[in-house]
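**Q** any chance you can model this:
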Amino acid sequence: MNVRRSAAALAAAVAVLGGAAPAFAAGPSPSPSVKLPDALYGTGDPTYDGVWRQSLTLLAQTEQGVDPAGEAVDWLAGQQCANGGFASYRADTAKACDAKTMLDTNATALAVQALAATGGHEDVPRKAVAWLKSVQNADGGWGYNPGSPSDANSTSVVVGALAAAGQQPGKTVKGGKSPYDALLKLALPCTGKDAGAFAYQPDKKGALAANADATAAAVIGAYGEPLAGHNAAGDNVATSCEKPGDPEQAAHNGAAYLAKVMAKDKHLTSVMPGAENQPDYGNTADAVVALAAGGFGEQATASARWLVANSLKWAEQSGPAAYAQLVFAAQAGGINPRDFGGKDLIALLNATGPAPEQVPAADESRAPDADDQAAEKDDDGGVSVWWIVGVGLVGGIGVGFLISARKKPEQKSQA
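**A** Presented below is the predicted three-dimensional model:
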């Protein structure tokens with residue numbers, strides 16, 4: 001899922017995930033004086049995305065039957081502060097977190113999902129979820145940092161964390177409001193060209209503007225589903241928009257919006273002031289997962305095939321989080337991640353950090369299979385939850401979610 005980052009983080013993180021940077025811009029390199037942890041995946045400056053990219057990597061590995069390196073899992077668990085929250089990256093974990101430590105709801109929520117998938121650090125997700133609940137906003141959602149206004153991306157990745165920890169997002173309330181209430185407030189009505197989309201946040205006047213990457217995130221969040229484990233099951237879903245009176249309808253509307261936006265070119269486009277429009281690889285990957293979650297199987301497969309033909313150079317330049325996004329998108333689009341345009345995404349991902357404990361042969365990896373996605377109903381008004389294989393339940397794109405470029409809210413991906 002695309003999560004937004006402050007202006008200070010943009011320069012360092014813009015090419016890590018998502019396509020807001022020039023098409024094949026390389027990820028930022030650390031200063032020669034900075035020695036990266038051996039257990040960390042990727043070689044770019046981890047200041048703004050260390051926990052995020054590590055979590056995505058572990059999720060993608062686990063989803064494909066890889067037993068991650070113990071040191072990589074331990075490193076991620078060790079990033080937690082004593083109060084349960086995570087910063088984006090802590091270079092010196094021997095130094096206790098204090099009031100100046102910028103805690104990050106997105107990093108915290110994705111770490112919960114990754115550690116729930118890998119197992120072995122049960123207290124870490126528990127404490128992290130308690131911290132997330134303690135910083136929930138009065139509207140039921142979350143912003144990027146504690147106390148910041150709720151946004152679609154942050155709220156959605158926390159929904160995934162709650163599901164990963166065995167919580168019911170619809171019953172996680174603050175002032176009588178749940179995360180689904182926060183997401184519904186960001187759903188556009190069924191009028192105009194952007195009918196059914198989600199906004200990232202309201203503008204200063206309270207108006208909502210369609211945002212494709214926020215929509216991809218919110219679709220997964222509104223369904224109450226995990227980032228991993230989706231595939232291109234379902235087809236010929238109605239693209240009509242109906243009043244989003246409940247989270248599931250809002251999620252369907254968002255997926256239908258993405259299907260329409262991507263129908264022609266099969267990808268999302270990055271629109272940056274003063275720059276030439278170009279494909280947005282990371283957000284397209286997130287959107288594929290959202291399309292699959294919404295039952296738009298044909299569209300998910302078409303866009304996944306576009307990624308096969310166009311995204312490998314972007315991923316090579318961008319690093320492990322990009323490879324992880326492509327793993328989720330491939331599976332969502334019915335494509336084997338171990339044969340992605342002749343490349344093995346898992347092998348490419350594994351090569352960016354410590355060697356896993358065990359890697360299944362390509363023909364033994366978890367293939368996209370709709371039967372793996374046992375669509376269950378929780379007690380949140382009939383919202384589906386698709387549990388991930390191997391951990392029973394794990395929550396986030398996209399996103400991402402889908403998740404993706406850690407960039408500031410003003411820079412939006414559009415069709």
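**Q** in contact with the residue nearest to Val308 when sequence neighbours are not counted, which residues?
**A** Once flanking residues are discounted, Val308 sits nearest to Gly341: 4.4 Å by Cβ to Cβ, 6 or more residues apart in numbering. For every residue, glycine as well, the C-beta is placed using N, CA and C. Gly341 makes contact with 308-309, 312, according to Cβ atoms under 8 Å, 6 or more residues apart in numbering.
**Q** and if you look at Pro356?
**A** Contact analysis of Pro356 by Cβ under 8 Å, 6+ apart lists 61, 66-69, 350.
**Q** please tell me how far Gly254 sits from Thr239.
**A** 12 Å (Cβ to Cβ, to the nearest Å).
**Q** likewise for Tyr41?
**A** 38 Å.
**Q** so what's the residue count around Thr239?
**A** Neighbourhood size, Thr239 [other Cβ atoms under 10 Å]: 17.
**Q** how near is it to Leu132?
**A** The value you get for Thr239 to Leu132, if Cβ to Cβ is used, is 34 Å.
**Q** now swap in Ala330 and tell me
**A** From Ala330 to Leu132 the distance is 29 Å (Cβ to Cβ).
**Q** just Ala304 next, same as before
**A** In terms of Cβ to Cβ, Ala304 sits 31 Å off from Leu132.
**Q** looking at these two, which one has more neighbours?
**A** Ala304 (29 against 24).
**Q** hang on, the more buried one packs against Gly334?
**A** Yes - with contact defined as Cβ atoms under 8 Å, Ala304 reaches Gly334; the gap is 7.0 Å.
**Q** what's around Thr352, how many residues?
**A** Neighbours of Thr352 (other Cβ under 10 Å): 18.
**Q** out of everything not next to it in sequence, what's closest to it?
**A** Pro320 (4.2 Å).
**Q** do the same with Ala263
**A** Gln299 (7.1 Å).
**Q** secondary structure class for Leu182?
**A** Check again: residue 182 is Ala, not Leu. helix (DSSP: H, G, I helix; E, B strand; the rest coil).
**Q** let me see the contact set for it.
**A** Here Ala182 is in contact with 137, 139-142, 150, 155 (criterion: Cβ under 8 Å, 6+ apart).
**Q** recalculate using a threshold of 6 Å.
**A** For Ala182, the contact set (Cβ atoms under 6 Å, 6 or more residues apart in numbering) comprises 139-141, 150, 155.
**Q** and what of Leu186?
**A** Contacts of Leu186 by Cβ under 6 Å, 6+ apart are 152, 198-199.
**Q** mind doing that once more with 8 Å?
**A** Leu186 touches 151-152, 198-202, 208, 214, 218, counting by Cβ under 8 Å, 6+ apart.
**Q** state the phi and psi torsions of the nearest residue to Val359 once chain neighbours are set aside.
**A** Residue nearest to Val359 in three dimensions, not counting chain neighbours: Val66, with 5.2 Å by Cβ to Cβ, 6+ apart. Phi and psi for Val66, reported as degrees, to the nearest 10, are phi -80, psi 140.
**Q** next one: Val66, what pLDDT does it get?
**A** At Val66, the model reports a pLDDT of 97.
**Q** what's the answer for Met272, then?
**A** At Met272, pLDDT is 80.
**Q** quick one: it is in a strand?
**A** No - with three-state DSSP as the criterion, Met272 is assigned coil and is not in a strand.
**Q** burial measure for it, as a count.
**A** 17.
**Q** burial check on Thr155, number of neighbours?
**A** 32.
**Q** also Arg305?
**A** Neighbours of Arg305 (other Cβ under 10 Å): 17.
**Q** for Gln80, what are phi and psi?
**A** Per degrees, to the nearest 10, the backbone of Gln80 is at phi -70, psi 140.
**Q** isn't it up against Phe86?
**A** Yes - contact criterion Cβ under 8 Å: Gln80 and Phe86 qualify, at 5.7 Å.
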